[in-house]
Every structure is written in C-alpha cells, then in structure tokens.
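[1] Output the structure for:
(chains A and B)
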Amino acid sequence: MSQVKRIEFLEVSGKHRKLINSFLVLLAWMSPFIGYEVFFPIALLFIYRINHTVRSVAFQAVFIQIFIWILCYPLELICQWDMSSPYCVSAFKDEKAVYFFGFWAFFGLFILFWEARHSLNKFGKLSRNKEDSPPEQSSLYNLYQVLLSWFSAIFLYVFFNIFFGIFYLIVNGVDIFESVGQQEFSMFLSRYFKGEVELYIWFLNIHAVSRNLGKRSVLAILRKPYLSLYVHNRIVIPSKDLTSKSFIDKSRFAKFREALLPGWGIVYLNRYWTGFSVLFSFLLLLFFTVISWFYYIDYSFGTSFLQSMGLKPGIPDKEFIRYTSNLFIPVLLTTLLIGSYLFSNNLLRSLLQRETDPISNRGLTTGFKTNLSYSILIHLILISLFFVIPIMVTRTDSSKKKNDLSKQHFQPEKMEFYFIDPEIPDKVKDLNGGVISGTETTSQENGEKIKDEVSDNGKPKGYVKRIKGKPLTKTYSNYISARMRGPEMFMEYWKRAPHPYSCVVAYTITTEGEIIDIVIVEASEYPEQDQLTIELIESMSPLMPPPEAKGDVRVTELFWNGSLDPDAMPTALQKDMVTLFDGRYLEEEP
Amino acid sequence: MDILSKFFLGLEQLKFSDLFLALLSILPWGFILFLLHPGKSNRKLKIIIFSLIMGYISTRLILYLHPIIWPDIDFKPRKTSMLTATAHLAFIQAGMMEETFKILLIFLLAFFFGYDYQNKIWKKEVVLIGGFVALGFAFTENYTYIHKEIRNTFQMFTGRLLYSSNIHLLINLCFTLFLLKANNLKLNSEKLELYFKAFLLAVIQHGVVDFFLIPSSKFGIWLSVAMFMGIWVWVVRDLRKYVYHSEEATSTPKQLFLIDNESGNLAETSLS
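    Sure, this is the predicted structure:
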C-alpha cells in the first residue's frame, strides 16, 4: 500500500475546510456564468487530488460543459455557414427548437430514472440514511420518489429562469411595464438564455435533484469515469521499475490521453512545461488549420468564424483571402498539424523511458526534443499576433504612417464619413443624423478635437478623441442602424448582397414601434436581394417608439453595397441619399 | 500641504455605495486569505490593516505619477498601431508601473513585519502582506472604475470582483512566495537575482493577462482566464508547500482513498 504525501491532507483538513469547499463548489457550478468557463473546474482538478467534495463537482462541471459544447458548437458552426440551414432552424431559431430541447429534457429525466435504478440495485433503497426511508421500500414508494425528483427538476428549472430574469430586472432598473423595458428584457433573454445556457441549467438541476435519490456526489452514469480518473491520478508517481504493473498501466493511460489530445499525456506525467507547450502548440496549429480551411471553402464563413471569437485577420482582408484561397496553405497547415500530433506521441514514448526521474527534475530540462515545443510555441504565438488579431485592435502600416489619411480613402468633396455603432442605445433624441462617435478623419495632422457636439447630419470632419468624449444621446437613426445589425440574418444579408447593389425602400414606424407599409421606392436589378431587404426590415419589428413623435414616422432608406461616391449611384435620389447618415432619412407624418 | 491633500484625498466626491461595492469586490478573496493563513488573528489583523493602507498608497502614487510619466499629449503616440498601444498599456503602463510600486511597498512592509533579522529569512507573514497590499491596491482601483461607470455599475463590479481583484492578488502572492523560496538560497547575490526574476515574472504575468483582456475578444478572454487559472494552481500548490504545510496534518483523513500501487485499484473508498 502506498504512503500518500502528507501535504495532500491539507486539501481535506483544517478548521474552515467546509466553508472553503462550499465556496469552491459554488464557483465551480457557476463557472460558465461568471466567465471562468471550463478552466476553473479543470484548475480545481489539478489542485485537489484527494478532496472528493470539490473534485466530484469539478469533474461534473467539466464534463457537462464539454458535453454541451460538443452538442451545440457544431450547430453554431452550421449557423455561421448557412443561416437558413434546417439544422440551424430546428436547433435555435423557430418553433422546431422544441424538439431539440424536448429531447434533452427527456434525457435529463432519464438520467434521474437511471440514478434511482442504480441506487436500488446497489443499495436496495433510494436513500443512504435509514431514517430517510421505510425499512422495506415498496415499488409505489420508489415510483413516488422518482416522480417527485422529476417534478423537483422541472420546478427548479423554471425557478432558476424566473430568478435570473427578476435579478436582471432589479439590477438594471428595467421597468417591464414600459415598452422600452419589455424590449430590453426580451433582448436580455435572447442574449443570455441561449440553448447552451438553458441546457447547462437543466443538467445542473438534474444533478441537484439526483442527490435525493442516491445521496452520492457523482451521477451514476459518470461514476465509473470519475473513479477511473481518480485511480489514474493516484498512480502518477515516479516508477522505480519500468516493468511493474503500475508503470504499464500508467503508460497506457498516458498514451490514451496523448492520442486524444497531444500534450495531455505529457502533462499527466507531471511534465508541465513540456506538456503545456505541446498542448498549446497543437491547439494553435489546429486553430490556424481550421481558419485556413474555412477561408478556403468560403471566405465569408471564415470571417464569420473569426468574428464569433472576436478576431479578424491581422493583415488586409484582400491579402488574407488571397493567401487562404490557395490550397497549399490549408494543406501545409494540416500536414504540420499531423506532424505535431505524431511528434507529441513520439515524445511521450521517449519521456516514458525517463519515468524514474523524480518529480523535482521534471521542469525545464536539456535536450533538443523536449525543448523543441517551446520554440514552436513561441513562433506560433508570434505568427498568431501577426495574422490574427482582436476585432477592436487595428494595426497601422508603418510605411503609410506619414501619409495623410485622406489619401487612403475615397473622399468626395463636402462629404462626411460616418461611424455606425452597433451598440443599441438606451435613450434617443431626435430622429435624424448620427452622433459623433467615429474616428474616421481626413487628416490626423490638421483635424480638430471635437467635444460634445451633435451634428444634424452625421459627424463633422476632424479627429475625434472618442475615449475622452462624454456619452452623448444618440438619434433614432442611430438606434435603427444598431437594431438592423442585431438580427441574425444581417450577416447573411450582406453575404448575399451583389456588388454593386442599391435600392431605396420606404417604411413607416408607428407610435408603438411597429413597422408597417414597406414599399420599394427604387428597385435594384436583383429582385431576390430586394426581397431580402424587405425581410431584413420586417425582422426589426417591433422597434422602440420614435422619440417625442406625435404621429407615425416615415423612413426612406438606401440599401447599397458599393462605393460611397454619389456619382457612382444610378439615380438622383440615391445620389442624395448616399450622403445621409447610413443612407437614411426620417420624417414625421402629419 | 496642498500636494499632500491632493495625494491622499484624490477620490473626489466620495460615493458610499461605490465604496461599498469596491469593498465587496475584494472581501471574499481577502476573507479566505485571512482564514487560511496560520497565526494569531490579532497579529494578522494588524498586518492586514497596514498592508491595505500600503495598497491604497501604491494606487495613489501611480495615479499621482501617471500624468507626469505618461503625459496625455495629442501627437505621435496616436499614430502607433492599436496593437502596439495595447502592448504598451498592458506591459509598461499597467504591468511595469503597478507591479513596481506594489512590490516596493510590499518590501517596505515586509521588512517591518515579515523578516526574521536573526536568521535572515522571510517569515510566512510576507504572503499575507503581499496579498493584502494587492487587495488594497485593487480596492482603490476598483473604486475608481466603479465610480466612473455610471450606467453599468453592477457589471463593472462583477468584472472587478471576478477578474481584477483576483489577478492582482495572485500575482503578488506569487511574488511573495518567491521571497519564501529565496530562504533556501545561501548567497545574497542569488537571492537578489531571484527577487529580480520574480519581479520580472510579476510584470510579465500582469502584462500578458491584460494584453489578452484589454481588446475584449472572446478568444483573448479564454486565453487570459486560462492563464490566470494556471497562476492560481501554481500559487495554491506553493502556498501549501511553503505556508500552510504544518505538522498538524498528519492523520489520514476519513475521505482519503488509498490506492494499491501495484494493482492500481482502489483499496478503500467512501464512494460506491
């Protein structure tokens, strides 16, 4: 029998252990809601080796999150690929979603049934404590317990949703009896209560209720993998004999992990420096490979994929697309990915031969093979900083630094550029115009700093120091622009828009915010796209009611995909409208 | 006198609700650190109060010196790329500046409360000092951010509670654990080298986490959270090794499973 190191006892001993355990358990279950995601429970599994109160929750939180991710992420990818896909529709969008969620709801109830069955088979009763149950449990009693757990799970689920909803209303001071409040609340629901969050809450409830059926901390269907993981972790101590059964088992477990995810097996052997550098190198290579294939298949799909992670190409889109449209790049990256996979598995085999090394000698070591991964990782990080950057970040070409900005853009005389802010404003003032919030400027040298001014027709020229500006009340036109960017079909709309494309549409916004009477004033040569334009406008309804309007508001709007040059527009009306904020003019109907 | 009052009372228009939220944003982490740290409560409380004051002073120092060191002049820096600006902000303005002042004040206080002059070694109290200087710093910084945020106060509070206070705490705990590690070194030159490396590490940790957090991209936030969880694992393991490990924990806990090393099977278990 092995002697476990005393330092590990600190995990389960101490005066305040119960309090700390409860705190960690709460954080582990809440991890997806507070942004700690799967990383926090994984960290718990690293820190707590023998504390099963914490480990069991961490293990289940990791398992449920990964399970839901595997379930939902492919659907999200399909949605990014094609909004009108039947998978996307059935899973997320319309009434068919009930089949998707209905299935997983029944699956959750089945887990509870399985839990009860397991407890009965194993212990002959549904409760561990004798006081909690009659000496001989009848079938009727068992049925009652299972039904009660089902009811509790559904009740808890509804309660959680209502609780979070009310919490949001109170914290944000939303008045649900006002139309603005209702709209804000519905936006909150659509933003936060997406499929994966609902599934997580559901399985969390299932776990909570299951404890009444067996009073075990791990769900019956997860008990075997949980105990296996524990056993695997207990035998990763340096081996004295490379022919012993424990070493053979350890090799098997490490190889299995390495085959599943390169680097994991090496981390398992307590070689964190090498293991994590291999793991992150592989993940970065996988990321690059996926991006290159997505861009190769359809660059708009690639763009959507990057955008979903808050990223964009670090070099101009045109160049990025030109590189990735060459089959050589994705094939090369795939080859490198396979190479790194084979390398890591080979590295593991050689590290297994050094399993007699004490743990203290498993940090940074010498040797080309073990250190190669650091070099690869650093190079990959540098490459990623160059080619893939966050959306918010811009990179200035040093060769163009000295040029006047006006030379980089098309700049017709007496024309303003506008910044379309996708943030939906809470308050609006007046109908037309845009608010000074952009940073487009004709010249950084000569531009003047603008403070707290709202122009009638968009922002004036000049350098705008946005960070220091006070938040300004936006116009209703700003609100429409932001709302238009909200519907999921907006990206699809622009993906399909021909180049060049332009049409003028008029529609009425009632005092209640309903959109009615949509008319195409000037059609384009693409009737299908015109139809999509109408659908896009319809999808915005209902809107926030127009501010201080005594009657309905008539909107005339230009939808175009092409140059900002008025001379390039086909009609006189469009020549005028292209110079307006987002091509839109609003007027109050008499 | 005017300079002193400006320095210490720079938080114009004190708002108690924001002050309360700022206090709440450090309270859970501070409470746990206080509970787990070995030693008498009176002495711990004394150290904590001084450390929090030092943390406050370090923030005020930075706020006071920031416009002097980084004057807000509207010329060439505007032309640099946002990527470079983010790196500058994360590594130099935030990482280097904040860690320098915090660490200086940690040293200052540690020489009073956390150094054994007889044996020339650092005491375990340096961990408490490091942690609470960081929390004092985070408290003042959080107050400033929460106070500035008029519309989304609660979101700002949760963000500061879950990310900022935590990362300040972990970075400085990590640093002070290096002081305890230096106790094992004999030569002063080796110790100094280790302190310098620990300082650089603190700057890099702060810089990398901020660099990925500032642009607010989903991918960057993942990386940042993954990294600070990694630091957390490291700190907890070192805390157990250098601070919490004592002779009290000798008996086998009831909950412990024992594994037969040869067969790899569970020999005793409280699970089914």
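[2] Going by C-alpha atoms from here, please, whenever you check contacts or count neighbours.
    Will do.
[3] quick one: buried residues of stretch A:289-303?
    Along stretch A:289-303, the positions that meet the burial threshold by neighbour count (16 or more other C-alpha atoms under 10 Å in any protein chain shown) are A:289-296, A:299-303.
[4] Reformat these as a markdown table; add secondary structure and distance to residue A:274.
    Converted to a markdown table, those look like this (DSSP: H, G, I helix; E, B strand; the rest coil; distance: C-alpha to C-alpha, whole Å):
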| residue | secondary structure | distance to residue A:274 |
| --- | --- | --- |
| A:289 | helix | 22 |
| A:290 | helix | 24 |
| A:291 | helix | 26 |
| A:292 | helix | 27 |
| A:293 | helix | 28 |
| A:294 | helix | 30 |
| A:295 | helix | 32 |
| A:296 | helix | 33 |
| A:299 | helix | 35 |
| A:300 | helix | 37 |
| A:301 | helix | 35 |
| A:302 | helix | 31 |
| A:303 | helix | 33 |
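[5] Between which two of the residues you listed is the distance greatest?
    Of all pairs drawn from the buried residues of stretch A:289-303, the one with the longest distance (C-alpha to C-alpha) is A:289 and A:300, at 16.3 Å.
[6] related to what we said a few turns ago, with distance to residue A:387 and pLDDT added, can I get the buried residues of stretch A:289-303 in a markdown table?
    A markdown table is the format used below for the buried residues of stretch A:289-303 (distance: C-alpha to C-alpha, whole Å; pLDDT from 0 to 100):
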| residue | distance to residue A:387 | pLDDT |
| --- | --- | --- |
| A:289 | 13 | 95 |
| A:290 | 14 | 94 |
| A:291 | 11 | 92 |
| A:292 | 11 | 92 |
| A:293 | 15 | 93 |
| A:294 | 15 | 91 |
| A:295 | 13 | 89 |
| A:296 | 16 | 90 |
| A:299 | 15 | 80 |
| A:300 | 17 | 79 |
| A:301 | 17 | 83 |
| A:302 | 14 | 85 |
| A:303 | 13 | 82 |
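[7] for those, which one is nearest chain B?
    Nearest to chain B, judged by C-alpha to the nearest C-alpha, of these is residue A:291 at 13.5 Å.
[8] Could you find the closest non-adjacent residue to the closest one?
    Sequence neighbours aside, residue A:302 is the residue nearest to residue A:291 in space, at 6.1 Å (criterion: C-alpha to C-alpha, 6 or more residues apart in numbering or on different chains).
[9] what do you get for residue B:223?
    Closest residue in space to residue B:223, ignoring its immediate chain neighbours: residue B:212 at 6.9 Å, by C-alpha to C-alpha, 6+ apart.
[10] quick one: the one you found and residue B:222, what's the gap?
    Distance, residue B:212 to residue B:222, by C-alpha to C-alpha, to the nearest Å: 9 Å.
[11] These two: which is more packed in?
    It is residue B:212, of residue B:212 and residue B:222, that has more neighbours when counted by other C-alpha atoms under 10 Å in any protein chain shown, with 23 against 18.
[12] What pLDDT does the model give that one?
    Taken from the predicted model, the pLDDT recorded for residue B:212 is 82.
[13] quick one: which helix or strand includes it?
    Element membership for residue B:212, per DSSP states H and E: helix B:188-213.
[14] Could you list every helix and strand that that helix packs against?
    Under the contact definition 3 or more C-alpha pairs under 8 Å, 6 or more residues apart in numbering or on different chains; DSSP states H and E, helix B:188-213 sits against helix B:82-87, helix B:97-113, helix B:165-182, helix B:218-239.
[15] Now render the ones you listed as a markdown table, adding mean pLDDT and distance to residue B:189.
    Formatted as a markdown table, the entries for the helices and strands packed on helix B:188-213 read as follows, by pLDDT from 0 to 100; distance: least, C-alpha to C-alpha, whole Å:
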| stretch | mean pLDDT | distance to residue B:189 |
| --- | --- | --- |
| helix B:82-87 | 73 | 32 |
| helix B:97-113 | 92 | 17 |
| helix B:165-182 | 94 | 11 |
| helix B:218-239 | 89 | 23 |
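[16] out of those helices, deepest packed?
    Comparing the helices and strands packed on helix B:188-213 by mean neighbour count (mean count of other C-alpha atoms under 10 Å in any protein chain shown), helix B:165-182 ranks first with a mean of 24.
[17] Is there proximity between that helix and chain A?
    No - using C-alpha under 8 Å from any C-alpha of the partner chain, helix B:165-182 never reaches chain A; the gap is at least 12.0 Å.
[18] Low-confidence regions, chain A specifically.
    A:1-7, A:83-97, A:127-137, A:176, A:179-194, A:215, A:392-423, A:433-473, A:486-489, A:492 (pLDDT under 70).
[19] how does it divide up, domain by domain?
    Per automatic domain parsing, the structural domains of chain A span A:6-231, A:256-390, A:477-588.
[20] May I see those organised as TSV, with distance to residue A:429 added?
    Written out in TSV, the entries for these read as follows (distance: least, C-alpha to C-alpha, whole Å):
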stretch	distance to residue A:429
domain A:6-231	14
domain A:256-390	31
domain A:477-588	6
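[21] And the ones you listed: which comes nearest residue A:424?
    Comparing the domains of chain A against residue A:424 with C-alpha to C-alpha, the closest turns out to be domain A:477-588 (5.2 Å).
[22] ok, now which ones touch the residue nearest to the spatial centre of chain B?
    With distances taken as C-alpha atoms, centre = their mean, residue B:169 lies nearest the centre of chain B, 2.3 Å away. Under the criterion of C-alpha atoms under 8 Å, 6 or more residues apart in numbering or on different chains, the neighbours of residue B:169 are B:130, B:131, B:132, B:134, B:135.
[23] Mark which of those residues are part of helices, please.
    For the contacts of residue B:169, the ones inside helices are B:130, B:131, B:132, B:134, B:135, with DSSP state H as the criterion.
[24] tell me what the helix or strand that contains residue B:19 is packed against?
    Assigned by DSSP H and E, residue B:19 falls within helix B:16-36. Identification of packing neighbours for helix B:16-36 by 3+ C-alpha pairs under 8 Å, 6+ apart yields helix B:125-148, helix B:153-159, helix B:165-182.
[25] gap between the residue nearest to the centre of chain B and residue B:201?
    14 Å.
[26] One more: residue A:9?
    Here residue A:9 is placed at a distance of 30 Å from residue B:201 (C-alpha to C-alpha).
[27] Those two: who's more crowded?
    When residue A:9 and residue B:201 are compared for neighbours, residue A:9 comes out ahead with 22 against 15, by other C-alpha under 10 Å.
[28] Next, the more buried one: secondary structure please.
    Three-state call for residue A:9 (DSSP: H, G, I helix; E, B strand; the rest coil): helix.
[29] and residue B:176, what is it in contact with?
    Contacts for residue B:176 were tallied using C-alpha under 8 Å, 6+ apart; they are B:126, B:127, B:130.
[30] residues near residue A:38, how many?
    Using other C-alpha under 10 Å, residue A:38 has 21 neighbouring residues.
[31] Backbone torsions only: list them for it.
    phi -80, psi -10 (degrees, to the nearest 10).
[32] The one 10 residues further on now?
    Per-residue torsions, residue A:48: phi -100, psi 110 (degrees, to the nearest 10).
[33] go on, residue B:124?
    The phi and psi torsions at residue B:124 (degrees, to the nearest 10) take the values phi -60, psi -20.
[34] ok, for it, nearest residue in space, not its chain neighbours?
    With C-alpha to C-alpha, 6+ apart as the criterion, residue B:124 has its nearest non-adjacent residue at 6.0 Å, and that residue is residue B:243.
[35] pretty sure the one you found is touching residue B:123, no?
    No - the pair residue B:243 / residue B:123 is not scored as a contact, 9.3 Å apart, by C-alpha atoms under 8 Å.
[36] Okay then, goodbye and thanks.
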